[in-house]
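1. Below are the sequence and a predicted model for it; my questions follow.
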Amino acid sequence: MAIDPATHLDDLAATAARAASVLRPQIAEAARRTVDTLRNGGTIFFCGNGGSAADAQHMAAEYVVRYRKNRQALRSIALTTDTSVLTAHANDFGYEAVFSRQLEALGRAGDLLMIHTTSGTSPNCIHVVRTAKAMGITTICLTARDGGDMKSLADLCIIVPTDRTDRAQEIHLNIQHAICDVVDEEIGV
């Protein structure tokens, strides 16, 4: 075998170490904003495309069902799961506003939108950030590379220091789980 598969773990560990060294303040701020939103009765919305859509669904489940301990259900929705809404909107209006339309229907001022986009340039993610800001919804984006457009659009942009989509998604999930740990500790029962 020419490639040692375990080198992927080495690369992930190195990427995680770089991320930990530069992103601590942003992760702490994201956790604080998440806790504040939930304490104030707000909803956490998640979105993303492809693998990031799966991450959005995964994270919404951590809040609604449970993370590491049993506690009350927390208000959270993945904007990536309603295939009827997604396909109807894409067919009738195009894909650019597929997340925005749902946020318009379900969101309110004081909520929080978590966007997963490794490029920071996905048109539907850019559109939903602008919609959220107009509605008074806080925006946190997990991205990579140079942050793309999200760097200047999101209220808080957590840019994982890598050009690799797979590594960025792995670190995004770890960051989201770290936020869940804080939520479990702060919100509790």
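-> Now that the structure is in, tell me what you want to look at.
2. Which helix runs longest in the chain?
-> If you go by DSSP state H, the chain has its longest helix at helix 7-39.
3. What are the buried residues along it?
-> Buried residues in helix 7-39, counting neighbours by 16 or more other Cβ atoms under 10 Å, are found at 12, 15-16, 19, 23, 26-27, 30-31, 33-35, 37-38. In short, each C-beta sits where N, CA and C put it, glycine included.
4. quick one: the strands in this protein?
-> 44-48, 76-78, 112-116, 138-144, 156-160 (DSSP state E).
5. okay if I get these as a markdown table plus distance to residue 3, mean neighbour count and mean pLDDT?
-> As requested, the strands of the chain are exported to a markdown table (distance: least, Cβ to Cβ, whole Å; neighbours: other Cβ atoms under 10 Å; pLDDT from 0 to 100):
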| stretch | distance to residue 3 | mean neighbour count | mean pLDDT |
| --- | --- | --- | --- |
| strand 44-48 | 28 | 28 | 98 |
| strand 76-78 | 34 | 22 | 98 |
| strand 112-116 | 28 | 28 | 98 |
| strand 138-144 | 23 | 26 | 98 |
| strand 156-160 | 23 | 22 | 98 |
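6. export these to CSV and tack on distance to residue 90?
-> What follows is the strands of the chain, written out as CSV (distance: least, Cβ to Cβ, whole Å):
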stretch, distance to residue 90
strand 44-48, 14
strand 76-78, 17
strand 112-116, 18
strand 138-144, 22
strand 156-160, 26
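7. out of these, nearest to residue 65?
-> For residue 65, the closest of these is strand 76-78, at 9.5 Å, according to Cβ to Cβ.
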